[in-house]
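Asker: Make a model of this:
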Amino acid sequence: MRPGDANILMVEDMQMAQKAARDIFDQLGSNADIVDWACQAFEKLVKKNYDIIFVDIHLPDINGLDFVRAVRATESGSKKIPIIGVTSAPSDKLKLKAKCSGCNELLSKPLNFNMIEKILSHY
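Answerer: The predicted structure is shown next:
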């Protein structure tokens with residue numbers, strides 16, 4: 001997808017990370033909804049189609065990987081929305097867990113312009 005055409009959902013509870021992501025999404029011309037909680041993300045997903053989801057692996061209401069599994073359980077057919085896990089503590093074990101839960105990729109915080117642009121261009 002072209003970054004400027006992307007409809008993005010981000011699930012991130014840290015205000016500083018939200019602001020940084022918002023700045024990047026705005027620079028790219030992307031349309032992004034950013035929520036604090038997985039339950040808010042589920043509400044958004046019912047109302048709107050997104051091209052990609054970025055989700056913090058460590059959310060306050062549910063584990064980010066459980067959120068990914070729940071989203072994957074609702075999908076049907078071969079077209080699945082790309083879900084990018086985000087963490088401040090990456091490890092090989094977490095990468096494997098993320099992949100098994102349904103994440104397409106796992107990114108390390110802090111996110112930057114080049115990382116997001118590359119992911120959006122890839123998917």
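Asker: only C-alpha atoms for contact and neighbour calcs from this point on.
Answerer: Fine.
Asker: Now for Ile81, how many residues are close by?
Answerer: 17 (other CA atoms under 10 Å).
Asker: Kindly provide the distance from Glu75 to Val68.
Answerer: Glu75 sits 11 Å away from Val68, going by CA to CA, to the nearest Å.
Asker: who has more neighbours, those two?
Answerer: Under the criterion of other CA under 10 Å, the comparison of Glu75 against Val68 puts Val68 first, with 23 against 11.
Asker: now the host helix or strand of the more buried one, how far from the chain's geometric center?
Answerer: Using DSSP states H and E, Val68 maps to helix 64-74. What separates the centre of helix 64-74 from the centre of its chain is 12 Å, taken as CA atoms, centre = their mean, to the nearest Å.
Asker: Would you mind listing the buried residues in it?
Answerer: 64-68, 71-72 (16 or more other CA atoms under 10 Å).
Asker: Now distance to Asn7 and pLDDT too, for these, in CSV please.
Answerer: Output for those, formatted as CSV (distance: CA to CA, whole Å; pLDDT from 0 to 100):
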residue, distance to Asn7, pLDDT
Gly64, 20, 95
Leu65, 21, 97
Asp66, 22, 97
Phe67, 19, 97
Val68, 18, 98
Val71, 17, 97
Arg72, 18, 96
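Asker: Now compare those and name the two farthest from each other.
Answerer: Spatially, the most separated pair among the buried residues of helix 64-74 is Gly64 and Arg72, at 12.4 Å (CA to CA).
Asker: Can you name the residues that contact the residue lying farthest from the centre of the chain?
Answerer: Farthest-out residue of the chain from its mean C-alpha position, per CA atoms, centre = their mean: Gly77, at 20.5 Å. With contact set as CA atoms under 8 Å, 6 or more residues apart in numbering, Gly77 has no partners.
Asker: That one belongs to a strand?
Answerer: No. Going by DSSP: H, G, I helix; E, B strand; the rest coil, the assignment for Gly77 is coil, not a strand.
Asker: Got phi/psi on it?
Answerer: Main-chain dihedrals, Gly77, degrees, to the nearest 10: phi 80, psi -170.
Asker: Ile84 now?
Answerer: The phi/psi pair for Ile84 (degrees, to the nearest 10) is phi -110, psi 120.
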